[in-house]
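Undergrad: Curious how this folds, go ahead:
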Amino acid sequence: MIPVKTALLSFGMSGRVFHAPFIALHPGLELYGAWERTKSESVKFYPEIRIFRSLEELLADEAVELVIVNTPTNTHFEYAKKALEAGKHIVVEKAFTTTAAEAMALRDLAVRMNRKISVFQNRRWDSDFKTVKKVIDEQWLGDITEAEFHFDRYKEELSPKLHKELPGPGAGILYDLGPHIIDQALFLFGMPEAVFADLRITRPVSQVDDYFELLLYYNQLRVRLKSGYLVREALPSYIVHGHKGSFIKSRADIQEERLAANDKPGSEQWGREPEEESGLLHTEKNGIVIRKTIPSEQGNYYAYYDGVYRALREEAEMPVTVTDGIQVMQVIETAVRSSQEQRVIRL
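TA: Residues are numbered from 1 along each chain as shown. Predicted coordinates:
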């Protein structure tokens with residue numbers, strides 16, 4: 001087995017928490033290097049890692065096969081483009097780019113360079129979302145008529161990551177938390193026919209949108225996506241109604257918390273939610289009304305990087321495709337326009 005030598009473009013929170021542990025764990029991947037301009041944090045966790053002091057130095061290293069573009073959103077297009085032009089495969093953090101046009105330009109460049117792109121939508125492998133998907137896939141609710149997804153936080157103060165808080169391309173909650181639940185909705189239900197959106201600033205200190213509500217229109221279905229920074233007592237994160245019943249589930253995946261505490265993935269119990277976070281199913285089957293809790297599926301971001309490995313070594317499809325990334329950007333752009341014009345816009 002020839003490992004895929006992989007380099008991170010940042011070793012901040014995303015590199016340390018979401019990427020490095022799973023790249024290091026996978027036998028077919030090698031955590032080869034990280035770009036750190038002045039610090040040397042990566043070697044504290046991975047002593048064998050190589051530190052690059054410039055992007056040019058990293059891209060010039062012919063050993064690097066896969067580049068993880070996990071820098072601020074407003075740099076994604078520039079850095080991803082340079083990595084593709086250097087002949088590297090890439091994984092790009094969410095939000096994929098700042099515009100759909102940039103996303104499509106990267107797709108076209110990858111085709112010309114015969115390289116592969118994936119967008120890092122790790123929340124598909126959250127325990128809570130996997131449970132929702134299983135309930136829907138197994139037809140416990142019948143045809144779905146309505147779904148509501150929340151990704152809420154309570155945070156009055158601004159983030160120290162100023163690229164998220166200062167007006168500019170890729171700033172604001174729609175580009176930060178929005179891609180998670182937009183991608184989940186599209187993964188379950190496909191592209192909507194139309195979008196209505198309300199983007200607002202709710203915190204006096206905020207200069208960019210810190211609240212959104214999106215309504216996705218499908219033929220027989222409506223999907224509402226909401227996120228805000230002033231939600232101290234959160235509603236269930238997943239509410240799904242169908243012709244036969246309903247399913248309600250909290251956001252309870254434990255992986256980010258454990259990874260932030262430097263726990264290593266790979267154990268049998270990794271990604272298992274507390275039993276009390278089980279979802280509530282209220283439905284009917286064969287004429288019998290059922291109301292019971294549903295044990296949560298096991299979350300595991302490792303599956304994402306296993307999919308990346310298989311795409312690069314076994315010619316499988318990327319676990320999250322460049323088309324998936326483009327579609328999320330199209331919904332985001334449409335939502336911004338809808339909020340500005342205060343109307344429903346067809347896709």
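
Undergrad: So residue 181, which state does it fall into?
TA: helix (DSSP: H, G, I helix; E, B strand; the rest coil).

Undergrad: That one contacts residue 151, doesn't it?
TA: Yes - contact criterion CB atoms under 8 Å: residue 181 and residue 151 qualify, at 5.1 Å. All C-beta spots, glycine's among them, are computed from the backbone N, C-alpha and C.

Undergrad: Next, show the common contact partners of those two.
TA: residue 227 (CB atoms under 8 Å, 6 or more residues apart in numbering).

Undergrad: who does whichever strand or helix holds residue 336 touch, helix- and strand-wise?
TA: Residue 336 is part of helix 322-341 when elements are defined by DSSP states H and E. Contacts defined by 3 or more CB pairs under 8 Å, 6 or more residues apart in numbering; DSSP states H and E place helix 322-341 against helix 100-113, strand 117-120, helix 173-176, helix 178-189, strand 194-200, strand 211-217, strand 345-346.

Undergrad: Of all the residues in the helix or strand just after the second one, which ones are buried?
TA: Once strand 117-120 ends, the next helix or strand along the chain (criterion: DSSP H and E) is helix 127-137. Within helix 127-137, the residues that qualify as buried by neighbour count (16 or more other CB atoms under 10 Å) are 127-133, 135-136.

Undergrad: cool, and stretch 330-343?
TA: Neighbour-count burial for stretch 330-343 flags 330-336, 338-339 (criterion: 16+ other CB under 10 Å).

Undergrad: So for stretch 298-316, mean pLDDT?
TA: If you average the pLDDT over stretch 298-316, you get 97.

Undergrad: neighbouring contacts of it?
TA: 2, 4, 18, 22-23, 25-26, 28-29, 65-66, 89, 91, 116, 118, 120-122, 124-128, 130, 253-255, 265-266, 270-273, 317-320.

Undergrad: can I have it written out in CSV, keeping just the CAs?
TA: Extracted C-alpha coordinates of stretch 298-316, given in CSV (Å, rounded to 0.1, in the frame of the first residue of the first chain):
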residue,chain,number,x,y,z
GLN,A,298,-22.6,5.9,15.8
GLY,A,299,-20.9,9.0,14.5
ASN,A,300,-17.5,8.7,12.8
TYR,A,301,-15.6,11.3,10.7
TYR,A,302,-13.1,8.6,9.8
ALA,A,303,-15.6,7.4,7.2
TYR,A,304,-15.1,10.7,5.3
TYR,A,305,-11.4,10.2,5.0
ASP,A,306,-11.8,6.5,4.2
GLY,A,307,-13.9,7.7,1.3
VAL,A,308,-11.2,10.1,0.2
TYR,A,309,-8.6,7.3,0.3
ARG,A,310,-10.9,5.0,-1.8
ALA,A,311,-11.4,7.8,-4.3
LEU,A,312,-7.7,8.4,-4.8
ARG,A,313,-6.6,4.7,-4.8
GLU,A,314,-9.6,2.7,-5.9
GLU,A,315,-11.2,5.2,-8.3
ALA,A,316,-14.4,5.5,-6.2
